[in-house]
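Colleague: mind folding the following:
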Amino acid sequence: MIMPVTTTRISPDWPCQVKPPGSYDWERSAARWLRELVPARYGSYPALMRHPVLLARHAQLQVQQEVRVARTALQTARADLPRLGMPESVIEHTIKLYAAELLQLQHIARSVRAVTEVLVEHGGGR
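Modeller: Predicted coordinates for the structure are as follows:
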């Protein structure tokens with residue numbers, strides 16, 4: 001069987017866990033990756049599992065919320081952590097951890113947007 005050549009240009013933010021659009025089973029790989037981004041209990045909601053675009057929308061919301069939490073944690077660490085009795089070395093390490101997490105979450109958010117756009121383009125809403 002000859003697979004159709006995809007004309008969709010893949011974003012540099014395309015997640016490596018998701019097969020290229022148009023390739024065999026790519027939507028299933030996208031849904032599997034998106035499921036990892038939402039709380040496990042959402043796997044029991046049939047609508048989210050049957051409609052990858054709905055799952056992508058929820059993953060976008062989930063990641064946006066996580067970005068907000070990481071930003072808040074980063075912005076408040078220097079003021080809040082000393083009051084919790086944390087030594088300066090732990091505070092500095094924690095700030096670096098939050099900054100790295102924020103960068104990672106921002107990358108994931110771009111990846112979710114890229115996958116969502118292609119799912120919509122390919123009729124992943126079914």
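Colleague: please count neighbours and contacts with C-alpha atoms only from this point.
Modeller: Fine.
Colleague: distance-wise, check residue 33 relative to residue 94.
Modeller: From residue 33 across to residue 94, the span is 28 Å (CA to CA, to the nearest Å).
Colleague: which parts of the helix or strand harbouring residue 105 are buried?
Modeller: Counting by DSSP states H and E, the element that carries residue 105 is helix 88-121. Using 16 or more other CA atoms under 10 Å as the test for burial, helix 88-121 gives 91, 94-95, 98-99, 101-102, 105-106, 108-116, 118-119.
Colleague: again, but for stretch 49-64
Modeller: Of the residues in stretch 49-64, 49, 51, 52, 53, 54, 55, 56, 58, 59, 60, 63, 64 count as buried by neighbour count, 16+ other CA under 10 Å.
Colleague: can you put those in CSV and add distance to residue 86, secondary structure and pLDDT?
Modeller: As requested, the buried residues of stretch 49-64 are exported to CSV (distance: CA to CA, whole Å; DSSP: H, G, I helix; E, B strand; the rest coil; pLDDT from 0 to 100):
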residue, distance to residue 86, secondary structure, pLDDT
49, 43, helix, 87
51, 45, coil, 94
52, 43, helix, 94
53, 43, helix, 95
54, 42, helix, 95
55, 39, helix, 95
56, 38, helix, 96
58, 35, helix, 95
59, 33, helix, 97
60, 33, helix, 97
63, 28, helix, 98
64, 28, helix, 97
